[in-house]
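Asks: Whatever this is, show me its structure:
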Amino acid sequence: MVILLSNDDGIFARGLRILYEEIKPMGKIYIVAPDRERSAVSHALSLYRPLRVKEVKKNFFAVDGTPTDCVNLSINGLLPEKPDIVISGINFGPNLGDDITYSGTVSAAMEGCLLGVPSIAFSLATLDLPAYFRPAARVAKRIMEFFIYTGIPRGTFLNINFPNKRRCSYYKGIKFTRQGKRKYGEAIVEKVDPRGRKYYWIGGKDLGYENIPDSDIVTIEKGYISITPIHLDLTNYSLLEEYRKWESRLNRELLLDSDG
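Replies: Numbering: from 1, shown residues only. This next block holds a predicted model:
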């Protein structure tokens, strides 16, 4: 078993190190991760500059790029062999609901999935200390073993979040969930520097979430581990069928009549 381990908190992040310690008996592990924190970079890929790679120690590589860069480089030539599975995390902080669209952690798993490798993103759903990575890593190992055995369908990856619990026995259980919906406050904070120039912070106050049954956010709040299968196909199929009824009209009114 060849495992590619990455993250968005950087190669020296505690969550990455603890997960590596727990899963290293599972097979050959390569760590390819950003050389610094790259949180909230989403699915960014560096196309207009070269990427530098430093081998920190054997099979540990730091990349001056995004999590997506790390996974893409690894699968497409950096590593001497293709991984059997891509693991991203364990992230310090939740990746729930709409937040997954911004997440570098989730995007690393998404890139693995796009490149045809089964992929899982792990996150610890807290921004407070102490952060209990060890119990999350122990359960993450068991989850990995389960899905390596059962398989993950092509075009789908798993987004998994853990409540911040001091012991594995404190988790209430595991639930399969849907993506939830956040509520946000003002997204921009405007301030003035000592020279009188305006500057801005993006990221306003989190006002909570919608109480959607079986959603990832509600499940975490109840103390359960959340496993959400994420599908790469973003097509709204019900709306697609509705819009197809308009094809003849659009062709006639918007295209054929445009010539004059």
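Asks: Now do the SS call for the spatially most central residue of the chain.
Replies: When Cα atoms, centre = their mean is applied to the chain, the residue found nearest the centroid is residue 106 (0.9 Å). Secondary structure assignment for residue 106 (DSSP: H, G, I helix; E, B strand; the rest coil): helix.
Asks: try residue 253
Replies: helix.
Asks: What count of nearby residues applies to it?
Replies: 11 (other Cβ atoms under 10 Å). Where you see a C-beta, it was placed from the backbone N, CA and C, and this is true even at glycine.
Asks: Then residue 198?
Replies: Residue 198: 8 neighbours (other Cβ under 10 Å).
Asks: ok, now residue 189?
Replies: Residue 189: 13 neighbours (other Cβ under 10 Å).
Asks: Leaving out chain neighbours, which residue sits closest to it?
Replies: Spatial nearest neighbour of residue 189, chain neighbours left out: residue 201 (4.2 Å); criterion: Cβ to Cβ, 6 or more residues apart in numbering.
Asks: got the contact list for the residue nearest to the centre of the chain?
Replies: 88, 95, 100, 121, 159, 230 (Cβ atoms under 8 Å, 6 or more residues apart in numbering).
Asks: Figure out the helix or strand that the fifth one lives in.
Replies: Under the assignment given by DSSP states H and E, the secondary-structure element containing residue 159 is strand 156-162.
Asks: Just checking the distance from that strand to the centre of its chain.
Replies: 8 Å (Cα atoms, centre = their mean, to the nearest Å).
Asks: Next, find the distance separating residue 69 from residue 220.
Replies: To residue 220, residue 69 is 29 Å away according to Cβ to Cβ, to the nearest Å.
Asks: let me redo that: residue 17
Replies: 23 Å.
Asks: number of nearby residues for the residue nearest to residue 189?
Replies: Applying other Cβ under 10 Å, we find 10 residues neighbouring residue 201.
Asks: Which of the three states applies to it?
Replies: Applying three-state DSSP: residue 201 is strand.
Asks: Might you report the residue contacts of residue 96?
Replies: By Cβ under 8 Å, 6+ apart, the neighbours of residue 96 are 123, 125, 161, 180, 182, 209, 216-217, 220, 226.
Asks: Do I have it right that residue 18 meets residue 132?
Replies: No. Counting by Cβ atoms under 8 Å, residue 18 stays clear of residue 132, with 9.8 Å between them.
Asks: now the helices for the stretch 1-150 of the chain?
Replies: 14-23, 67-73, 104-114, 133-150 (DSSP state H, counting those that start in this stretch).
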